[in-house]
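Chemist: Here's my sequence, what's the structure:
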Amino acid sequence: MSAEPITEPVMTQQDPIDLLIAIEEASQTPIRPEYVEGMAIVPPAPNDNHNDGTGELFFQFRVAGHRLVGMGNGYRATRKDGTTMSLLIPDFYVRRRKPSELDESYLKAHRGWYPIDMIALVGEVTSTNHETDTGPKLRTYAAAGVPVYVLINRNAKTAHCYTDPILPGDDPTEAYYDSEIKVDLGDPLPLPAPYPILQTAPFLEG
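Modeler: Numbers count the residues shown, from 1 in each chain. As a prediction, this is how the structure comes out:
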C-alpha cells in the first residue's frame, strides 16, 4: 500500500524501530508506520477497492495451492553491518517457510518485525501516494533480494511483475529489478512458476 512520508529528518544513530514505536505511540488513531530509504512513512487508510482487490489476489494464491500467502505482518531488511535498512508491511506476500523458532525469536528481538528473507514474493497495491510503491519500495525490495515483486498501480491502471533483483553496489537506492512484465489493469498478469496467472479485473472501478 502507498504511504505518506514523515518529513522530519531521522537521526542516523536512532534505531528506526524506536522511531516507528514513537510515531505509533504519538498517534491518536491506530497506525503501523514503515521505514523506507531513511523515511518513516504512515500508510493512508485504504479504500474498499484497494482492500477488496488485495483480498481477491490473496484468494487466487490460496486457490492455486500457496498456503503460505499472507497479509499484515511486518518485515525487516538489514544492511551488511546488520543495522536496519528498512521496515516494511506488504499488502500481501508469499513466504518461503512457516515461521521457525528462530524466526519467532527474531520477531521478539526486533519488536514485531520478521526477517525479510522469509519472503519469496511480495505485493503492493497503490493508494493515494503511488510514488512510494513505484519508487522507494520497489528499490528496497530489490535491495533486500526479494525474488518477485507484484505491483498493482491503480493510478496508472497497470499491473507489473518484477523479477531478478539486482543491487549493483552498496547503495540500496540504486537497486532495481532486471525483468518486468507489464499489463493493463484488467488483463491477466503472468507470474513466474510456481505462481498462478493473476486476474487483475477486481481492481477496475465499477
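Chemist: which ones are touching the residue nearest the centre of the chain?
Modeler: The centre of the chain sits closest to Pro90, judged by C-alpha atoms, centre = their mean, with a distance of 3.2 Å. Pro90 makes contacts with 71, 75, 119, 122-124, as judged by C-beta atoms under 8 Å, 6 or more residues apart in numbering. For the C-beta atoms, the positions are set from N, CA and C on the backbone; glycine is no exception.
Chemist: Please report the distance of it from Pro43.
Modeler: Distance from Pro90 to Pro43, counting by C-beta to C-beta, to the nearest Å: 11 Å.
Chemist: same question, Asp171
Modeler: When distance is defined by C-beta to C-beta, Asp171 is 26 Å away from Pro43.
Chemist: Have a look at those two and say which one is more surrounded.
Modeler: Neighbours per residue, other C-beta atoms under 10 Å: of Asp171 and Pro43, the larger number sits with Pro43, 19 against 10.
Chemist: Show the residue spans covered by the strands in the protein.
Modeler: In the chain, the strands defined using DSSP state E lie at 4-5, 34-36, 39-42, 69-70, 74-78, 84-88, 92-95, 113-115, 119-125, 148-153, 158-166, 176-184, 188-189, 198-199.
Chemist: Serialize those to TSV and add fields for mean pLDDT.
Modeler: Rendered in TSV, the data for the strands of the chain read as follows (pLDDT from 0 to 100):
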stretch	mean pLDDT
strand 4-5	51
strand 34-36	96
strand 39-42	92
strand 69-70	96
strand 74-78	97
strand 84-88	96
strand 92-95	98
strand 113-115	98
strand 119-125	97
strand 148-153	97
strand 158-166	98
strand 176-184	98
strand 188-189	98
strand 198-199	96
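Chemist: pLDDT score assigned to the nearest residue to Val42 once chain neighbours are set aside?
Modeler: The spatial neighbour of Val42 that comes closest, neighbours along the chain excluded (C-beta to C-beta, 6 or more residues apart in numbering), is Pro33 at 4.7 Å. According to the predicted model, the pLDDT of Pro33 comes to 94.
Chemist: same thing with Leu19?
Modeler: At Leu19, the model reports a pLDDT of 94.
Chemist: tally of neighbours for the nearest residue to it once chain neighbours are set aside?
Modeler: Once its chain neighbours are removed from consideration, Leu19 has its nearest residue in Ala40; the separation is 5.6 Å (C-beta to C-beta, 6+ apart). Around Ala40 there are 20 other residues, counting by other C-beta under 10 Å.
Chemist: For Thr140, see how far away Ile152 is.
Modeler: The spacing between Ile152 and Thr140, counted by C-beta to C-beta, is 17 Å.
Chemist: In contact with Tyr141: list those residues for me.
Modeler: For Tyr141, the contacting residues are 88, 122, 149, 165, taking C-beta under 8 Å, 6+ apart as the criterion.
Chemist: go on, Arg97?
Modeler: If you count contacts by C-beta under 8 Å, 6+ apart, then Arg97 has 68, 103, 118 around it.
Chemist: what sits opposite the residue lying closest to the last one once chain neighbours are set aside in the beta ladder?
Modeler: Once its chain neighbours are removed from consideration, Met118 has its nearest residue in Arg95; the separation is 5.0 Å (C-beta to C-beta, 6+ apart). Arg95 has these beta-bridge partners by DSSP bridges: Ile119.
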